[in-house]
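Q: Pasted the sequence and its predicted model underneath.
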Amino acid sequence: MLNFHFYTPTQVVFGKDAEEETGGLVRQFGGQKVLLHYGGKSAKESGLLDRVCRTLEQEGISYVQLGGVKPNPRLSLVREGIDLCRREGVDFILAVGGGSVIDSAKAIGYGLENDCDVWDIFTRKTLPTGCTPIGAVLTIAAAGSEMSDSAVITNEDGWVKRGFNSNYARCRFAVMNPELTYTVSPYQTAAGCTDILMHTFERYFTPVTDAALTDALGEALVRTVIECSRVVMREPRDYNARAQIMWAGSLSHNGLTGCGTLGDWATHQLGHELSAQYDVAHGASLAAVWGSWARYVMGENPARFAQFAVNVMGVSPRSSEEETGRLGILSFEEFLRGIGMPVSIREMGIEADYTVAKELAYGCSFQETRTIGTFRKLGLKDMEAIYLMAK
(Lines give C-alpha, C1' and ligand atoms only; values in the text may rest on other atoms or scores of the structure.)
Protein backbone atom coordinates (compact mmCIF):
# COMPACT_ATOMS: atom_id res chain seq x y z
CA MET A 1 0.00 0.00 0.00
CA LEU A 2 1.44 3.35 -1.07
CA ASN A 3 1.64 6.50 1.05
CA PHE A 4 -1.29 8.82 0.39
CA HIS A 5 -2.98 12.10 1.29
CA PHE A 6 -6.76 12.01 1.62
CA TYR A 7 -8.40 15.44 1.62
CA THR A 8 -12.18 15.94 1.38
CA PRO A 9 -13.10 19.43 2.61
CA THR A 10 -16.53 19.58 0.93
CA GLN A 11 -19.52 19.82 3.28
CA VAL A 12 -22.26 17.50 2.03
CA VAL A 13 -25.96 18.19 2.67
CA PHE A 14 -27.78 15.09 1.45
CA GLY A 15 -31.45 14.14 1.23
CA LYS A 16 -34.95 15.25 0.38
CA ASP A 17 -35.44 19.03 0.11
CA ALA A 18 -31.72 19.58 0.72
CA GLU A 19 -31.72 22.45 -1.79
CA GLU A 20 -33.72 24.53 0.70
CA GLU A 21 -30.47 24.97 2.67
CA THR A 22 -28.53 26.48 -0.23
CA GLY A 23 -28.78 30.15 0.73
CA GLY A 24 -27.67 29.46 4.29
CA LEU A 25 -24.69 27.50 3.03
CA VAL A 26 -23.61 30.30 0.70
CA ARG A 27 -23.86 32.70 3.64
CA GLN A 28 -21.90 30.28 5.86
CA PHE A 29 -19.03 30.28 3.36
CA GLY A 30 -18.93 34.04 2.96
CA GLY A 31 -20.79 34.59 -0.30
CA GLN A 32 -22.30 38.03 -0.79
CA LYS A 33 -22.60 38.34 -4.59
CA VAL A 34 -23.19 35.04 -6.37
CA LEU A 35 -22.90 33.82 -9.92
CA LEU A 36 -25.72 31.31 -10.37
CA HIS A 37 -24.38 28.99 -13.09
CA TYR A 38 -26.52 26.35 -14.74
CA GLY A 39 -27.10 24.39 -17.93
CA GLY A 40 -30.25 24.24 -20.05
CA LYS A 41 -33.91 24.89 -19.51
CA SER A 42 -34.57 21.95 -17.18
CA ALA A 43 -33.30 23.82 -14.12
CA LYS A 44 -35.84 26.57 -14.83
CA GLU A 45 -38.75 24.41 -15.94
CA SER A 46 -38.46 22.12 -12.92
CA GLY A 47 -38.68 25.09 -10.56
CA LEU A 48 -35.30 24.25 -9.01
CA LEU A 49 -33.69 27.51 -10.06
CA ASP A 50 -36.53 29.51 -8.53
CA ARG A 51 -36.25 27.57 -5.26
CA VAL A 52 -32.50 28.16 -5.10
CA CYS A 53 -32.94 31.86 -5.88
CA ARG A 54 -35.52 32.14 -3.11
CA THR A 55 -33.07 30.71 -0.57
CA LEU A 56 -30.47 33.28 -1.63
CA GLU A 57 -32.98 36.10 -1.37
CA GLN A 58 -34.04 34.95 2.09
CA GLU A 59 -30.41 35.35 3.19
CA GLY A 60 -30.12 38.79 1.57
CA ILE A 61 -27.60 37.51 -1.00
CA SER A 62 -27.62 39.14 -4.43
CA TYR A 63 -26.90 37.16 -7.57
CA VAL A 64 -26.49 37.19 -11.33
CA GLN A 65 -27.24 34.27 -13.61
CA LEU A 66 -25.41 32.55 -16.45
CA GLY A 67 -26.96 29.51 -18.11
CA GLY A 68 -26.10 27.63 -21.26
CA VAL A 69 -23.55 25.09 -20.05
CA LYS A 70 -23.41 22.14 -22.45
CA PRO A 71 -22.09 18.62 -21.93
CA ASN A 72 -18.33 18.74 -22.48
CA PRO A 73 -18.40 22.36 -21.18
CA ARG A 74 -17.03 25.02 -23.48
CA LEU A 75 -14.19 27.45 -22.93
CA SER A 76 -16.11 30.27 -24.63
CA LEU A 77 -18.83 30.20 -21.94
CA VAL A 78 -16.16 30.04 -19.22
CA ARG A 79 -14.62 33.23 -20.58
CA GLU A 80 -18.05 34.85 -20.75
CA GLY A 81 -18.59 33.90 -17.11
CA ILE A 82 -15.26 35.36 -16.04
CA ASP A 83 -16.08 38.69 -17.71
CA LEU A 84 -19.56 38.75 -16.14
CA CYS A 85 -18.19 38.03 -12.67
CA ARG A 86 -15.61 40.79 -12.92
CA ARG A 87 -18.22 43.32 -14.03
CA GLU A 88 -20.63 42.34 -11.28
CA GLY A 89 -18.16 41.91 -8.41
CA VAL A 90 -19.01 38.25 -7.85
CA ASP A 91 -17.33 36.61 -4.86
CA PHE A 92 -18.99 33.17 -4.90
CA ILE A 93 -20.00 30.79 -7.70
CA LEU A 94 -22.97 28.47 -7.27
CA ALA A 95 -23.25 25.63 -9.79
CA VAL A 96 -26.76 24.19 -10.24
CA GLY A 97 -26.47 21.11 -12.40
CA GLY A 98 -24.22 18.15 -13.05
CA GLY A 99 -20.52 17.68 -13.63
CA SER A 100 -20.36 19.89 -16.72
CA VAL A 101 -21.87 22.84 -14.85
CA ILE A 102 -19.60 22.30 -11.85
CA ASP A 103 -16.51 21.98 -14.06
CA SER A 104 -17.46 25.18 -15.88
CA ALA A 105 -17.92 26.91 -12.52
CA LYS A 106 -14.48 25.76 -11.40
CA ALA A 107 -12.90 27.10 -14.58
CA ILE A 108 -14.65 30.45 -14.09
CA GLY A 109 -13.35 30.47 -10.52
CA TYR A 110 -9.79 29.90 -11.73
CA GLY A 111 -10.08 32.65 -14.32
CA LEU A 112 -11.58 35.10 -11.85
CA GLU A 113 -8.90 34.52 -9.23
CA ASN A 114 -5.80 34.38 -11.43
CA ASP A 115 -4.30 37.07 -13.66
CA CYS A 116 -3.90 34.96 -16.79
CA ASP A 117 -5.91 33.45 -19.60
CA VAL A 118 -7.79 30.58 -17.99
CA TRP A 119 -6.88 28.17 -20.81
CA ASP A 120 -3.22 28.57 -19.80
CA ILE A 121 -4.14 26.84 -16.52
CA PHE A 122 -5.70 23.87 -18.30
CA THR A 123 -2.69 23.56 -20.62
CA ARG A 124 -0.38 23.96 -17.62
CA LYS A 125 1.42 27.02 -18.95
CA THR A 126 0.43 28.74 -15.68
CA LEU A 127 -0.30 27.27 -12.27
CA PRO A 128 -3.20 28.80 -10.33
CA THR A 129 -2.72 30.43 -6.95
CA GLY A 130 -6.38 30.20 -5.96
CA CYS A 131 -9.98 29.84 -7.09
CA THR A 132 -13.13 31.79 -6.27
CA PRO A 133 -15.21 29.78 -3.75
CA ILE A 134 -17.68 27.37 -5.32
CA GLY A 135 -20.75 25.50 -4.11
CA ALA A 136 -22.90 22.98 -5.96
CA VAL A 137 -26.52 21.91 -6.11
CA LEU A 138 -26.22 18.55 -7.85
CA THR A 139 -28.84 17.43 -10.37
CA ILE A 140 -27.06 14.55 -12.13
CA ALA A 141 -25.19 11.69 -10.45
CA ALA A 142 -22.16 11.10 -12.65
CA ALA A 143 -18.95 13.07 -12.69
CA GLY A 144 -18.28 13.41 -8.95
CA SER A 145 -17.03 16.95 -9.55
CA GLU A 146 -18.96 18.10 -6.48
CA MET A 147 -16.33 16.45 -4.24
CA SER A 148 -13.31 16.10 -6.53
CA ASP A 149 -10.37 18.37 -7.25
CA SER A 150 -10.78 18.05 -11.03
CA ALA A 151 -12.36 20.01 -13.87
CA VAL A 152 -12.41 19.29 -17.60
CA ILE A 153 -13.02 21.95 -20.27
CA THR A 154 -13.29 21.80 -24.07
CA ASN A 155 -11.69 24.50 -26.22
CA GLU A 156 -13.75 24.88 -29.40
CA ASP A 157 -10.62 26.09 -31.23
CA GLY A 158 -9.47 22.68 -32.44
CA TRP A 159 -11.93 20.83 -30.14
CA VAL A 160 -9.26 20.15 -27.55
CA LYS A 161 -10.33 18.76 -24.18
CA ARG A 162 -8.09 19.28 -21.15
CA GLY A 163 -8.43 18.63 -17.45
CA PHE A 164 -6.82 20.23 -14.43
CA ASN A 165 -6.68 19.07 -10.81
CA SER A 166 -6.19 21.35 -7.83
CA ASN A 167 -7.51 21.51 -4.29
CA TYR A 168 -8.18 25.22 -4.85
CA ALA A 169 -11.29 24.31 -6.85
CA ARG A 170 -12.89 21.85 -4.45
CA CYS A 171 -16.48 22.83 -3.70
CA ARG A 172 -17.10 24.36 -0.30
CA PHE A 173 -20.40 22.48 -0.14
CA ALA A 174 -22.46 20.05 -2.19
CA VAL A 175 -26.25 19.96 -1.90
CA MET A 176 -27.46 16.51 -2.96
CA ASN A 177 -31.16 15.67 -3.22
CA PRO A 178 -31.64 12.36 -5.09
CA GLU A 179 -35.16 13.44 -6.08
CA LEU A 180 -33.61 16.01 -8.41
CA THR A 181 -32.33 13.15 -10.59
CA TYR A 182 -35.76 11.59 -11.18
CA THR A 183 -36.25 13.38 -14.50
CA VAL A 184 -32.79 12.64 -15.93
CA SER A 185 -33.29 10.64 -19.14
CA PRO A 186 -32.53 6.91 -19.11
CA TYR A 187 -29.59 7.43 -21.48
CA GLN A 188 -28.03 10.19 -19.37
CA THR A 189 -28.68 8.19 -16.21
CA ALA A 190 -26.87 5.21 -17.73
CA ALA A 191 -24.01 7.41 -18.94
CA GLY A 192 -23.73 8.87 -15.44
CA CYS A 193 -23.64 5.45 -13.81
CA THR A 194 -20.94 4.42 -16.28
CA ASP A 195 -18.84 7.45 -15.38
CA ILE A 196 -19.15 6.56 -11.69
CA LEU A 197 -18.04 3.00 -12.39
CA MET A 198 -15.12 4.13 -14.52
CA HIS A 199 -13.91 6.55 -11.86
CA THR A 200 -13.67 3.53 -9.59
CA PHE A 201 -12.09 1.30 -12.24
CA GLU A 202 -9.38 3.89 -12.91
CA ARG A 203 -8.26 3.44 -9.32
CA TYR A 204 -9.00 -0.29 -9.02
CA PHE A 205 -7.05 -1.52 -12.04
CA THR A 206 -3.72 -0.51 -10.64
CA PRO A 207 -0.21 -1.94 -10.42
CA VAL A 208 -0.56 -1.75 -6.62
CA THR A 209 -1.88 -5.09 -5.34
CA ASP A 210 -1.67 -4.84 -1.55
CA ALA A 211 -4.47 -2.37 -0.71
CA ALA A 212 -7.11 -4.88 0.36
CA LEU A 213 -9.42 -2.45 2.16
CA THR A 214 -9.37 0.05 -0.69
CA ASP A 215 -10.05 -2.81 -3.12
CA ALA A 216 -13.02 -3.94 -1.04
CA LEU A 217 -14.46 -0.42 -0.91
CA GLY A 218 -14.18 -0.11 -4.67
CA GLU A 219 -15.70 -3.52 -5.29
CA ALA A 220 -18.66 -2.77 -3.02
CA LEU A 221 -19.25 0.57 -4.73
CA VAL A 222 -19.23 -1.02 -8.19
CA ARG A 223 -21.59 -3.82 -7.18
CA THR A 224 -23.98 -1.28 -5.66
CA VAL A 225 -24.00 0.97 -8.73
CA ILE A 226 -24.54 -1.99 -11.07
CA GLU A 227 -27.49 -3.20 -8.98
CA CYS A 228 -29.05 0.23 -8.53
CA SER A 229 -28.59 1.28 -12.14
CA ARG A 230 -30.66 -1.72 -13.19
CA VAL A 231 -33.33 -0.67 -10.71
CA VAL A 232 -33.60 2.92 -11.96
CA MET A 233 -33.79 1.75 -15.56
CA ARG A 234 -37.02 0.01 -14.52
CA GLU A 235 -38.18 2.45 -11.84
CA PRO A 236 -36.80 5.97 -12.48
CA ARG A 237 -38.36 7.35 -9.27
CA ASP A 238 -36.95 4.74 -6.90
CA TYR A 239 -35.55 7.05 -4.23
CA ASN A 240 -33.28 4.54 -2.53
CA ALA A 241 -31.61 3.44 -5.76
CA ARG A 242 -31.16 7.05 -6.87
CA ALA A 243 -29.69 7.90 -3.46
CA GLN A 244 -27.16 5.05 -3.59
CA ILE A 245 -26.06 6.13 -7.07
CA MET A 246 -25.75 9.79 -6.12
CA TRP A 247 -23.63 9.06 -3.05
CA ALA A 248 -21.53 6.56 -5.03
CA GLY A 249 -20.81 9.27 -7.59
CA SER A 250 -19.21 11.45 -4.92
CA LEU A 251 -17.30 8.62 -3.24
CA SER A 252 -16.01 7.31 -6.56
CA HIS A 253 -14.18 10.55 -7.33
CA ASN A 254 -13.27 12.13 -3.99
CA GLY A 255 -10.20 9.89 -3.65
CA LEU A 256 -11.59 7.31 -1.24
CA THR A 257 -11.48 4.38 -3.67
CA GLY A 258 -7.88 5.14 -4.58
CA CYS A 259 -6.26 5.52 -1.16
CA GLY A 260 -2.89 3.76 -1.19
CA THR A 261 -3.01 2.88 -4.89
CA LEU A 262 -1.86 4.41 -8.17
CA GLY A 263 -4.56 5.41 -10.64
CA ASP A 264 -4.43 4.44 -14.31
CA TRP A 265 -6.77 6.93 -16.11
CA ALA A 266 -6.01 5.62 -19.62
CA THR A 267 -9.69 4.90 -20.31
CA HIS A 268 -10.59 8.46 -19.40
CA GLN A 269 -7.89 9.85 -21.68
CA LEU A 270 -9.04 7.66 -24.56
CA GLY A 271 -12.65 8.64 -23.90
CA HIS A 272 -11.85 12.34 -23.58
CA GLU A 273 -10.44 12.40 -27.09
CA LEU A 274 -13.58 10.74 -28.44
CA SER A 275 -15.91 13.16 -26.68
CA ALA A 276 -13.79 16.17 -27.69
CA GLN A 277 -13.75 15.25 -31.38
CA TYR A 278 -17.31 13.91 -31.69
CA ASP A 279 -19.12 15.63 -28.78
CA VAL A 280 -20.57 12.37 -27.47
CA ALA A 281 -21.66 11.81 -23.87
CA HIS A 282 -18.64 11.35 -21.63
CA GLY A 283 -19.92 8.17 -19.97
CA ALA A 284 -20.77 6.65 -23.35
CA SER A 285 -17.26 7.32 -24.66
CA LEU A 286 -15.82 5.49 -21.67
CA ALA A 287 -18.14 2.52 -22.16
CA ALA A 288 -17.15 2.32 -25.84
CA VAL A 289 -13.42 1.92 -25.19
CA TRP A 290 -13.16 0.24 -21.78
CA GLY A 291 -13.52 -3.38 -22.93
CA SER A 292 -10.87 -2.93 -25.62
CA TRP A 293 -8.52 -1.26 -23.14
CA ALA A 294 -9.11 -4.07 -20.64
CA ARG A 295 -8.37 -6.84 -23.14
CA TYR A 296 -5.29 -4.99 -24.38
CA VAL A 297 -3.70 -4.56 -20.94
CA MET A 298 -4.96 -7.64 -19.06
CA GLY A 299 -1.77 -9.59 -19.73
CA GLU A 300 0.14 -7.27 -17.42
CA ASN A 301 -1.70 -8.75 -14.42
CA PRO A 302 -4.42 -11.29 -15.22
CA ALA A 303 -4.97 -11.91 -11.49
CA ARG A 304 -6.36 -8.40 -11.11
CA PHE A 305 -8.98 -8.96 -13.77
CA ALA A 306 -9.78 -12.39 -12.35
CA GLN A 307 -10.34 -10.78 -8.93
CA PHE A 308 -12.71 -8.27 -10.54
CA ALA A 309 -14.55 -11.03 -12.39
CA VAL A 310 -15.12 -13.09 -9.26
CA ASN A 311 -15.65 -10.40 -6.61
CA VAL A 312 -17.65 -7.92 -8.67
CA MET A 313 -19.23 -9.70 -11.62
CA GLY A 314 -19.90 -12.99 -9.85
CA VAL A 315 -17.97 -15.13 -12.36
CA SER A 316 -17.04 -18.63 -11.19
CA PRO A 317 -13.26 -19.11 -11.35
CA ARG A 318 -12.10 -20.93 -14.48
CA SER A 319 -8.99 -22.96 -15.17
CA SER A 320 -6.85 -19.87 -15.67
CA GLU A 321 -6.84 -16.28 -14.48
CA GLU A 322 -6.85 -15.13 -18.10
CA GLU A 323 -10.05 -17.01 -18.86
CA THR A 324 -11.70 -15.79 -15.67
CA GLY A 325 -10.64 -12.22 -16.43
CA ARG A 326 -11.97 -12.37 -20.01
CA LEU A 327 -15.32 -13.58 -18.72
CA GLY A 328 -15.40 -10.70 -16.25
CA ILE A 329 -14.81 -8.19 -19.04
CA LEU A 330 -17.51 -9.81 -21.16
CA SER A 331 -19.95 -9.84 -18.24
CA PHE A 332 -19.39 -6.14 -17.62
CA GLU A 333 -19.93 -5.34 -21.29
CA GLU A 334 -23.21 -7.27 -21.17
CA PHE A 335 -24.24 -5.13 -18.21
CA LEU A 336 -23.41 -1.95 -20.17
CA ARG A 337 -25.48 -3.10 -23.11
CA GLY A 338 -28.31 -3.92 -20.73
CA ILE A 339 -28.54 -0.29 -19.56
CA GLY A 340 -28.24 1.08 -23.09
CA MET A 341 -24.56 1.98 -23.23
CA PRO A 342 -22.33 1.36 -26.28
CA VAL A 343 -19.44 -1.09 -26.04
CA SER A 344 -17.85 -0.03 -29.32
CA ILE A 345 -17.24 3.24 -31.12
CA ARG A 346 -19.52 2.17 -33.97
CA GLU A 347 -22.41 1.90 -31.53
CA MET A 348 -22.11 5.68 -31.02
CA GLY A 349 -22.55 6.23 -34.76
CA ILE A 350 -18.85 6.78 -35.46
CA GLU A 351 -17.02 4.75 -38.09
CA ALA A 352 -13.57 4.35 -36.56
CA ASP A 353 -11.43 3.09 -39.43
CA TYR A 354 -7.65 3.12 -39.38
CA THR A 355 -7.47 6.81 -40.31
CA VAL A 356 -9.85 7.81 -37.52
CA ALA A 357 -7.99 5.62 -35.00
CA LYS A 358 -4.71 7.29 -35.94
CA GLU A 359 -6.22 10.76 -35.56
CA LEU A 360 -7.73 9.90 -32.20
CA ALA A 361 -4.47 8.40 -30.95
CA TYR A 362 -2.48 11.39 -32.16
CA GLY A 363 -4.75 13.72 -30.24
CA CYS A 364 -4.86 11.50 -27.15
CA SER A 365 -1.07 11.34 -27.08
CA PHE A 366 -0.91 15.17 -27.27
CA GLN A 367 0.71 14.91 -30.68
CA GLU A 368 2.94 12.03 -29.56
CA THR A 369 4.36 13.93 -26.59
CA ARG A 370 3.00 11.75 -23.75
CA THR A 371 2.13 8.25 -22.68
CA ILE A 372 -0.96 7.33 -20.66
CA GLY A 373 -1.80 4.71 -18.04
CA THR A 374 0.00 2.98 -15.19
CA PHE A 375 -1.46 -0.55 -15.28
CA ARG A 376 0.36 -0.66 -18.59
CA LYS A 377 2.06 2.39 -20.02
CA LEU A 378 0.55 3.16 -23.42
CA GLY A 379 2.22 5.02 -26.26
CA LEU A 380 0.86 6.26 -29.57
CA LYS A 381 0.80 2.83 -31.25
CA ASP A 382 -0.91 1.28 -28.23
CA MET A 383 -3.61 3.95 -28.37
CA GLU A 384 -4.11 3.32 -32.08
CA ALA A 385 -4.48 -0.40 -31.42
CA ILE A 386 -7.08 0.13 -28.67
CA TYR A 387 -9.14 2.51 -30.78
CA LEU A 388 -9.08 -0.04 -33.63
CA MET A 389 -10.10 -2.84 -31.26
CA ALA A 390 -12.95 -0.65 -30.05
CA LYS A 391 -14.20 0.26 -33.52
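A: Nice, I can see it.

Q: Would you mark the buried spots in whichever strand or helix holds residue 230?
A: In this structure, residue 230 is located in helix 212-234 according to DSSP states H and E. Within helix 212-234, the residues that qualify as buried by neighbour count (16 or more other C-beta atoms under 10 Å) are 214-215, 217-219, 221-222, 224-226, 228-229, 232-233. For glycine as for every other residue, the C-beta is placed from the backbone atoms N, C-alpha and C.

Q: Columns distance to residue 101 and pLDDT on top of those, output as CSV?
A: Formatted as CSV, these follow (distance: C-beta to C-beta, whole Å; pLDDT from 0 to 100):
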residue, distance to residue 101, pLDDT
214, 30, 98
215, 32, 97
217, 28, 98
218, 27, 98
219, 30, 98
221, 24, 98
222, 26, 98
224, 25, 98
225, 22, 98
226, 26, 98
228, 23, 98
229, 22, 98
232, 21, 98
233, 24, 97
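
Q: Looking at these, which is nearest residue 284?
A: Proximity of the buried residues of helix 212-234 to residue 284 (C-beta to C-beta) peaks at residue 229, which lies at 14.0 Å.

Q: The closest one - nearest residue in space that isn't next to it in sequence?
A: Closest residue to residue 229 in three dimensions, ignoring its sequence neighbours and counting by C-beta to C-beta, 6 or more residues apart in numbering: residue 193, at 4.1 Å.

Q: That neighbour reaches residue 245, doesn't it?
A: Yes. The pair formed by residue 193 and residue 245 meets the contact definition of C-beta atoms under 8 Å, at 6.2 Å.

Q: Tell me which of these two has more neighbours.
A: The residue with more neighbours, out of residue 193 and residue 245 and counting by other C-beta atoms under 10 Å, is residue 193; that gives 28 against 25.

Q: tell me which element that one is part of?
A: Counting by DSSP H and E, the element that carries residue 193 is helix 186-204.

Q: Same check on residue 319?
A: Short version, using DSSP H and E: residue 319 is in no helix or strand.

Q: Which pLDDT does the model give it?
A: We note a pLDDT of 96 for residue 319 in this prediction.

Q: So it versus residue 225, what's the distance?
A: 30 Å (C-beta to C-beta, to the nearest Å).

Q: next one: residue 182
A: Residue 182 is 17 Å from residue 225, where distance means C-beta to C-beta.

Q: Just the buried positions in the helix or strand where residue 323 lies, please.
A: Here residue 323 sits within helix 321-338, counting by DSSP H and E. Judged by neighbour count (16+ other C-beta under 10 Å), helix 321-338 contains these buried residues: 321, 324-330, 332-333, 335-336.
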